[in-house]
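Engineer: My questions concern the predicted model and sequence given below.
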Amino acid sequence: MRRLSTLFATDFASAVGDLGLRQVLFGILSIVGGNPGINQGEVGKALGIQRANMVSLVNELVDRELLDRRVAAEDRRAFELRLTAAGERCVDEAIGRIRQHEDKLLSDLSPPERAKLIQLLSRIGASGG
C-alpha cells in the first residue's frame, strides 16, 4: 500500500504541480469550495491538520490569492474561508487534471473493479486503519 500511495502521490504531483498545488493544498481548496464560508478550524479537522499547520497553509493560499479569509460574523475569534475567483479556476483546472491522472492510473480496471476498489479503500479509511 505504501508503494501505491507513493505512486499516486508522485503522479498527482506531476498532474497538478505546475499549478503550485500539493495534495494538502488541494484538499483545503476542495473543502472550502464545497463549503463556502466554512470555519478554518473545521477545514483542519476534516483533513486532520493541526491548528498551527493549518494557519500557515491558509496563509499560503491567501497570499496566492486563491482563498479569501474573513473574521466570522458569529464568532469573532474564528475565520471563514471562501475561494476567490482565481481559487475557483485553480480547483476546476486541478479537478480535470486529477480525473485524467486517476483514469491513467486505473486504466487496467473495469468500472466495477474501480467501484470495488473505492469501496474497499473507503472501508479502510473509515476504520482508521
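Structural biologist: In hand now; what should we look at?
Engineer: CA atoms for contacts and neighbours, from now on please.
Structural biologist: Fine.
Engineer: Where do the helices of the protein begin and end?
Structural biologist: For the chain, helices defined by DSSP state H occupy the ranges 2-16, 23-34, 40-47, 51-63, 85-105, 111-127.
Engineer: which stretches of the protein have low pLDDT?
Structural biologist: Scanning the chain with the threshold set as pLDDT under 70 gives 128-129.
Engineer: Make sure Gly41 is actually in contact with Arg51.
Structural biologist: Yes: the pair Gly41 / Arg51 is scored as a contact, 7.0 Å apart, by Cα atoms under 8 Å.
Engineer: Out of the helices of the chain, the one nearest Phe79 is which?
Structural biologist: helix 40-47 (5.6 Å; Cα to Cα).
Engineer: Quick check: Ala86 touching Asp68?
Structural biologist: No: the pair Ala86 / Asp68 is not scored as a contact, 10.4 Å apart, by Cα under 8 Å.
Engineer: Between these two, which has more neighbouring residues?
Structural biologist: Neighbours were counted for Ala86 and for Asp68 using other Cα atoms under 10 Å; Asp68 has more, 19 against 13.
Engineer: I figured the more buried one was touching Thr84, is that so?
Structural biologist: Yes: with contact defined as Cα under 8 Å, Asp68 reaches Thr84; the gap is 6.0 Å.
Engineer: Would you enumerate the residues in contact with the residue nearest the centre of the chain?
Structural biologist: Residue closest to the average C-alpha location in the chain (Cα atoms, centre = their mean): Gly27, at 1.2 Å. Residues in contact with Gly27 (Cα atoms under 8 Å, 6 or more residues apart in numbering) are Leu47.
Engineer: likewise the one 3 residues further on?
Structural biologist: The contact partners of Ser30, by Cα under 8 Å, 6+ apart, come to Val91.
Engineer: Please apply the same query to Ala72.
Structural biologist: Asn39, Ala78, Phe79, Glu80.
Engineer: now, which of these lie within strands?
Structural biologist: Counting by DSSP state E, the contacts of Ala72 place Asn39, Phe79, Glu80 in strands.
Engineer: show me the contacts for Leu29.
Structural biologist: Leu67, Leu83, Gly87, Val91.
Engineer: Hmm, I typed the wrong one, I wanted Asn39.
Structural biologist: By Cα under 8 Å, 6+ apart, Asn39 lies in contact with Ala72, Ala78, Phe79, Glu80, Leu81.
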